[in-house]
Every structure is written in structure tokens, then in C-alpha cells.
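Undergrad: The sequence and its predicted three-dimensional model are supplied below.
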Amino acid sequence: MGKHIVILGAGTAGTMTANRLRRAYDERDLRITVVDQDDIHVYQPGLLFVPFGLAEPHGLLRSRPRQLHGGIDYRRCRIDRVDLEKHVVHFAVGGWVTYDVLVVATGARLLPDETEGLTGPGRGESVFTFYDLPGAVDLRYALERFEGGRVVIDVADLPVKCPVAPLEFAFLADWYLQRRGIRDKVQLTYATPLDAAFTKPAAARELGGLLERKGIELVTEFTLGSVHADGSGGRLVSYDDREVPFDLAVVVPLHGGGGYVDRSPGLGDELGFVPVDPHTLQLPDHPDVFAIGDAAGLPASKAGSVAHFEGEVLVRNIGRFLAGQPLDASFDGHTNCFVETGFHKALLIDFNYGTEPLPGHFPGSVGLPLLKESHANHLGKLAFEWLYWHTLLPGREMPGVGSAMPEQGKHPVHV
């Protein structure tokens, strides 16, 4: 009987990895088991559009096991802990599964309870999030009722899933309020723990300029300490005691890894993410353990594109590990994101560990414009949903787009 690969998590990263492995290896050579606690796969990029009526909740949901290729065993179980020494995953309701290789792909978990007041009286009345489906739906109704005042979009702290999504929300809120004819009655504010609109200089300058041109106030170095709200509004307070008042707050809460990671000695860091090698995705002290996607503690963005690019290297390295060969240390942190900016336009950014988002074109000297608003990028953002369900999740490669960041077509800039 072949080696046994156990993948924890049937979200984007786990599903792509399982399907890629199944396409690469015969069932007689490799058994694959995927574990998750429910049967609902959410297309998370679509959550951004729900509050503005641009996506319907039911259209974002699919069955988890139905996204997996034949010959993959799906176990619907809540994970209690992982015993790294005995190579066993224990389930919360009893039972266990052993592994030859473990892949942690359980993503990032929202931790609103970790911020004082975020789950208090104002939740669902003046304080919302769009980072889960119930929150996005509640926010949609709140925006429909909103008639004026101060709307604050706040990132509590980093890391978070899809770091550009809060900026996209601010841009789309500007578009949405103009469409409703009440933009002049609303003050939009974007608050971030960063010292600029984004982490990299060229992108920060471009995105910060967009905020300014759209009349969106930027509050930097604001790390959320507490939320004080009642039914009619409130204030966000940072750890250095600065205050941002609001009538409606859209907060991206703190993130952490899976709860079981904290109960698994040697598996996670202080935030519950798995500190794997940034180039091989292998856990250094436990070479039979890998992590991918948002669950990995890497200096890369927690975004779906990163999981896709990681997957190419990960599947190769699982094969090399099982064959006793040196691993491929080629993952370069490649990240690719469409940034919706409203009015049927979007930006595209493409970067890795060592190269910041730069202007130019993707994936080569001819292609989609980088760091520049365009309708073509907006169409690319919309087309991504089809690619997600029919190309990325099934474990297929995108022609002309590999795991390594393309350098051709990019133009260095001086900031």
C-alpha cells in the first residue's frame, strides 16, 4: 500500500493541493485524505462584493468534497490536535488518522473576541465585518439603510487574509455611495496599522494617491485596541489612545491559525501559524510536515494566488521528500492580486519576497497593466471566479503563469 498524505483543511489551499497530488500520483502509490469540519466551501474573494449587491451569498458556496477529484478520501471531522512525534491527527469526537506526510492547510481564523468591544453591543448595528459570509450579508443591509455620517474601514492588525481587500472595500464604498447619490453626506476613512496605504513603497504611493483622489481619509499606524459602540455609532481606540469616531465601522478583526494548532506542541508559532521554511514550505524540526496558504507563517501575503503558486513547489517537494531527495527551495513568495477600485476598474499588483509591486505589464512585456487602473484588470477580477472553480481548485496550471514571479515587463521605479 502507498504512502499516506493527510491534508488538514479543504479550503482553497487544501483542495488545490489534494487535486494536484491526485493528478500527479496513482492511487496505488499515494493515498490522500482531506479533513475538514464542515461541507461548505466559500469563494472568499466574493465576500467583498456581497455588501454592495454585486454578488449573491448562495452563489459563493459549493460542497467541499465535490471539489475533490475521485480517489481522495474526505473526512468530515473537527481536529483536536496533532501529535508530531507519533504522526497522528486526533479528532475532537474520537478517532484518529496516521500520516506519512502532513499538510496543514486550515487557513486563518477570525478572532474578533481578542479585541475589546468588537463583539459588544454595537456588533451588527454599527460595527460590521465582511470577512465572513454572515457579516457580509449583515453589512449589505446596513449599507442599504445608511443615509449619511462617517464610515470607517479599519484593519485591526496584521497579518490578515487578502491584505488589499480592505482597500478594495473603501474604493467600492466610494463608488456605491456615489451611485446612491449620498457620497457628499458621507465621510470615508481608512485606518491601518501600517505607516502607509500598503506595505511596499511604489504600491503605497499609488494606492494612497487613489484614496486621496477619491476623498478617502487615510489614518496610519493605527493598531486597534478597543471598540466603543452603541446602536447609533461609536469610536475606535488605538493602543496609543488615538480615537477615530464612526457612525458605521467596517472592521477586519485579528487573525490567527487554527485552534488545534495551539494544542499541538511544536506545530505553530505564537499566532497559531505554522513556521515553515519560506522557500520549501517544510517545517524544519519535523520534515514530514508542510504548510500552505493562509496557515503558513511566511513573509508573504495571505492570498489565494499565493496558495496556488506555493502548491506547485509543495507537490514537487512532497514527492522529493518521499523519495529521499533534496527539496526544491524555489518558492519566491510570488503574489498576484487584482485590486478593485470601483467604476468598473481595477489595479493589478505582482510581487514576491524581494521585489515590490512595480509598474509595467503582466505576465510579460505585453499583457495586463500593472499598478495602473484599467477596465481590463476589472474584467480579470471578474474572470477569476470562473478560473477559481474550473482551473485553480481542480489543480490545473494556468498557461504562461508559473510559481516564479515573472520579471519581464516590469519597470523599476524610484520612490
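TA: Perfect, I can see it now.
Undergrad: At the geometric centre of this structure, which residue do we find?
TA: Nearest to the mean C-alpha position of the chain, counting by Cα atoms, centre = their mean, stands Lys161 at 3.1 Å.
Undergrad: Dig out what that residue forms beta bridges with.
TA: When bridges are called by DSSP bridges, Lys161 pairs up with Lys302.
Undergrad: Next one: it from Ile216, what distance?
TA: When Cβ to Cβ, to the nearest Å is applied, the distance between Lys161 and Ile216 equals 22 Å. Backbone N, C-alpha and C define where each C-beta goes, glycine included.
Undergrad: Show me where the stretch 1-150 of the chain has its strands.
TA: Taking DSSP state E, counting those that start in this stretch as the test, the strands found in the stretch 1-150 of the chain are 3-8, 30-36, 40-42, 61-63, 73-76, 79-83, 88-91, 96-98, 101-104, 109-110, 127-128, 149-155.
Undergrad: May I see those strands arranged in CSV, with mean pLDDT and mean neighbour count as well?
TA: Formatted as CSV, the strands of the stretch 1-150 of the chain follow (pLDDT from 0 to 100; neighbours: other Cβ atoms under 10 Å):
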stretch, mean pLDDT, mean neighbour count
strand 3-8, 98, 22
strand 30-36, 98, 22
strand 40-42, 98, 17
strand 61-63, 98, 14
strand 73-76, 97, 16
strand 79-83, 98, 21
strand 88-91, 98, 18
strand 96-98, 98, 15
strand 101-104, 98, 27
strand 109-110, 98, 17
strand 127-128, 96, 26
strand 149-155, 98, 22
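Undergrad: Now render these as TSV, adding distance to Val276.
TA: Formatted as TSV, the strands of the stretch 1-150 of the chain follow (distance: least, Cβ to Cβ, whole Å):
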stretch	distance to Val276
strand 3-8	14
strand 30-36	19
strand 40-42	24
strand 61-63	28
strand 73-76	23
strand 79-83	14
strand 88-91	17
strand 96-98	21
strand 101-104	8
strand 109-110	18
strand 127-128	34
strand 149-155	25
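Undergrad: Could you verify that Val339 is part of a strand?
TA: Yes. Using DSSP: H, G, I helix; E, B strand; the rest coil, the assignment for Val339 is a strand.
Undergrad: From Ala296, how far off is the residue lying closest to Arg62 once chain neighbours are set aside?
TA: Leaving aside its sequence neighbours, Arg62 sits nearest to His41 (Cβ to Cβ, 6 or more residues apart in numbering; 4.7 Å). Going from His41 to Ala296 by Cβ to Cβ gives 20 Å.
Undergrad: ditto for Gly395
TA: Taking Cβ to Cβ as the measure, Gly395 falls 18 Å from Ala296.
Undergrad: What of Phe246?
TA: 34 Å.
Undergrad: still on that earlier bit, out of the strands of the stretch 1-150 of the chain, nearest to Ser305?
TA: Among the strands of the stretch 1-150 of the chain, strand 40-42 comes nearest to Ser305, with 17.0 Å by Cβ to Cβ.
Undergrad: For Phe222, report the pLDDT, please.
TA: Model confidence at Phe222, given as pLDDT, is 98.
Undergrad: doesn't it fall inside a helix?
TA: No. Using three-state DSSP, the assignment for Phe222 is coil, not a helix.
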